[in-house]
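Undergrad: Sequence and predicted structure, then a few things I'm wondering about:
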Amino acid sequence: QVQLVESGGGLVQAGGSLRLSCTASESVFRVNTMAWFRRAPGKERELVAKIDTASNTNYADHVKDRFTISRDNAKNTMWLQMNNLSPEDTAVYYCNMNVKREIDMPQQTFWGQGTQVTVSV
């Protein structure tokens with residue numbers, strides 16, 4: 001079982017920045033799409049950003065121009081740089097990776113444990 005280890009959450013004032021990271025716990029054959037999701041209190045989990053193996057990215061409309069997703073394929077690591085944070089960004093953020101552990105294994109989806117991001121006014 002591949003574990004995804006997240007870090008970087010915390011408490012920040014509105015307008016501030018945080019950088020989340022997510023690393024796969026073991027070496028794998030390939031990590032395909034990586035993504036960040038979040039779940040705000042009382043809301044459904046939503047996709048924040050995703051990045052493919054060629055570093056093509058997609059963002060939710062409400063984080064475009066504020067958040068940047070990036071990855072290091074050699075380290076099986078991705079980051080989410082979050083700038084100009086607002087209280088509406090308060091949520092638990094989860095990383096997600098689609099992984100082929102070995103060349104002859106099917107793709108599997110793994111999730112991080114979640115990291116709390118709280119933005120105060």
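TA: Yep, that arrived.

Undergrad: Going by C-alpha atoms from here, please, whenever you check contacts or count neighbours.
TA: Fine.

Undergrad: how near is the residue nearest the centre of the chain to S7?
TA: Nearest residue to the geometric centre of the chain (CA atoms, centre = their mean): W36, 2.9 Å. With distances taken as CA to CA, to the nearest Å, W36 is found 13 Å from S7.

Undergrad: okay, and for this protein, where does confidence drop off?
TA: For the chain, not a single residue meets the criterion pLDDT under 70.

Undergrad: Could you look up the SS state of the most far-flung residue of it relative to its centre?
TA: Seen from the C-alpha centroid of the chain, the residue lying at the greatest distance (CA atoms, centre = their mean) is D104, 26.5 Å away. Taken by DSSP: H, G, I helix; E, B strand; the rest coil, the conformation at D104 corresponds to coil.

Undergrad: And for Q116?
TA: Per three-state DSSP, Q116 ends up strand.

Undergrad: before we move on, what about H62?
TA: coil.

Undergrad: Ramachandran angles for it?
TA: phi -80, psi 0 (degrees, to the nearest 10).

Undergrad: Tell me the spatial nearest neighbour of A35, not counting adjacent residues.
TA: Nearest residue to A35 in three dimensions, chain neighbours excluded: K50, at 4.0 Å (CA to CA, 6 or more residues apart in numbering).

Undergrad: Look up how far S21 lies from the one you found.
TA: From K50 to S21 the distance is 13 Å (CA to CA).

Undergrad: now swap in N58 and tell me
TA: For N58 relative to S21 (CA to CA), the value is 17 Å.
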